[in-house]
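Engineer: Sharing a model that was predicted from the sequence below.
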Amino acid sequence: MTLTHSPDSLDIVSGALSHLSHRARTLDTGPLEEPALHIFSHLAAPPDAVTSHRRSLPAYQAATLVLAVEAYADDRPEESTSSAAQRWSSVRGHERYHDDLVAMLSSCRRGGSCRGAPVEYRSVDVGPASTMSVPVFGLLDTHSPGGIPVAVALHIPDPAHQAPLQIEVLSGDRDAGASTLDALLSLMTDHDVMRGQVLTLGGSGGRGNGLVRFMARPTVAGEDLILPDGTLEAMTRHLVTVGSSAARLREAGQHVGRGLLLYGPPGTGKTHTVRHLLGLVPMSTVIVLTGSAMRHIAEATTLARRLSPSVVVVEDVDLIAREREETGVNSLLFALLDAMDGMDGDADVTFVLTTNRPDSIERAVRDRPGRIDLAVEIPLPDTRGRERLARLYLSAVNVAADLTPLVEATEGGTASYVRELVRRTVVAAIERDDHGADGHTTVITDDDVAAVLTACVDERQRLTRSLLGGSGVRPAG
């Protein structure tokens, strides 16, 4: 599925604001205290009595982790009036990359070789057009749930290194450190910046999140869909109505996870339909997998389970099935079906699959009953559908022509083919009426329609007709 990222201008503005934010957070910090002295003084414990609890997390959880840590520290009654976001500290140079934080701080304490430094921040995406500053290496003193002093250290590496981020909790009390780490990880659920967003995995163009990219949620109006009667209603009921009744279904002992398959020839509007459906569930997290991103199906299902209610969109699933034809194995398709099998029945996760070749996955799906609850055909448009499509695509111009010849000539063609012929008709009208001023409403005449249809039955247009989804179209005349 092709969904548009934020414009370059928004990236420029976002980058500028992020830079100013970084500057603001490093100015007026006052004297920089030697970090080791401060940490051990806060912990009220010598280095050999300090315990460490560490956890590695995916790089795309950086913003969520920082928000969780700051929210936790701000909520502690023992803390000062300054916010946690203002209390991060750091160290200079390569000391921050020391593998053993306690050993590093102990060395600093003995030799005084590492000095405090302004905290360095990095921008990470938290939405399709928004960013957040996170500390590259940050130290924060706070207290455990039981009120015992602890220190939290975050190391957020450059995403280009494809290394996980690290959170470490230091304390003179082993149980206090463990309970603090558990509390911080638990808070991440409430502060997850990916919840309710549209995401894709892999690719390029994101900022600071490694595997995950944010995308704008698509908006396609229902009146822009030309489908057989009852088709859209069935899909809406399956995706939206069942989701809104998830709690009652669980109480009744029924599973709420579901699978929806849209199938039909290329160019009939499957992607367009999926875009509309995603707009109907604005509170759901959406994970889109297409092309090379399909290899991340395991990560996608893990995210979907954690961020539910969620929708996992797998476009052109027949491309997965083609792997078997080319290599003799079908590991990606099996991985997808295994992921669907492994989803808890009470997890509100919907898999939406699209395919041009339902026969290529029929056997695999049949051997795993219950994975697909509803299969909906998005067929070639019939006569009424093609007329509705033509009028939809011509809604911005004045139609003074009989569209019957165009509708008849596109029999057996896809919605994409109808749209292209309409575009050519508008071009023909503009070329004919080249005296029209800006704001002048273009008028479509019978001559414009006839000129386009004549060109499309020319021998030289056969390949073009096939590429546009009109290979089954019978010539006009």
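Structural biologist: Perfect, I can see it now. Residues are numbered from 1 along each chain as shown.
Engineer: Going by C-alpha atoms from here, please, whenever you check contacts or count neighbours.
Structural biologist: OK.
Engineer: count of residues packed around residue 272?
Structural biologist: Neighbour count for residue 272, taken as other CA atoms under 10 Å: 17.
Engineer: could I have the helix or strand containing it exported to PDB, CA atoms only?
Structural biologist: Applying DSSP states H and E as the criterion places residue 272 in helix 270-279. In PDB, the C-alpha atoms belonging to helix 270-279 read as follows (Å, rounded to 0.1, in the frame of the first residue of the first chain):
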ATOM      1  CA  LYS A 270      -8.700  -3.300  -3.200                       C
ATOM      2  CA  THR A 271      -6.100  -0.900  -1.800                       C
ATOM      3  CA  HIS A 272      -8.600   2.000  -2.100                       C
ATOM      4  CA  THR A 273     -11.100  -0.100  -0.100                       C
ATOM      5  CA  VAL A 274      -8.500  -0.800   2.600                       C
ATOM      6  CA  ARG A 275      -7.700   2.900   2.900                       C
ATOM      7  CA  HIS A 276     -11.400   3.600   3.500                       C
ATOM      8  CA  LEU A 277     -11.600   0.800   6.100                       C
ATOM      9  CA  LEU A 278      -8.600   2.100   8.000                       C
ATOM     10  CA  GLY A 279     -10.300   5.500   8.300                       C
END
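Engineer: Which strands and helices lie in contact with the following helix or strand past it?
Structural biologist: Once the chain leaves helix 270-279, the next helix or strand it forms, by DSSP H and E, is strand 285-289. Contact here means 3 or more CA pairs under 8 Å, 6 or more residues apart in numbering; DSSP states H and E; on that basis strand 285-289 packs against strand 198-201, helix 297-306, strand 310-314.
Engineer: where along the stretch 101-250 of the chain do the strands fall?
Structural biologist: Using DSSP state E, counting those that start in this stretch, the strands of the stretch 101-250 of the chain run over 116-117, 121-127, 130-135, 137-143, 149-155, 165-171, 198-201, 212-215.
Engineer: so what secondary structure elements neighbour the shortest one?
Structural biologist: In this structure, strand 116-117 packs against strand 90-91, with contacts taken as 3+ CA pairs under 8 Å, 6+ apart.
Engineer: what are the pairing partners of the strand it packs on, and which direction each?
Structural biologist: Paired strands of strand 90-91, with direction, are strand 116-117 (antiparallel) (DSSP bridges).
Engineer: now the partner strand, how far from the centre of its chain.
Structural biologist: 37 Å (CA atoms, centre = their mean, to the nearest Å).
Engineer: List the residues that contact residue 137.
Structural biologist: Neighbouring residues of residue 137 by CA atoms under 8 Å, 6 or more residues apart in numbering: 90, 96, 119, 120, 153, 154, 155, 156.
Engineer: Could you work out the most separated pair of those residues?
Structural biologist: Farthest-apart pair in the contacts of residue 137 is 120 and 153; separation 13.7 Å (CA to CA).
Engineer: between these two, which one's more packed in?
Structural biologist: residue 153 (22 against 19).
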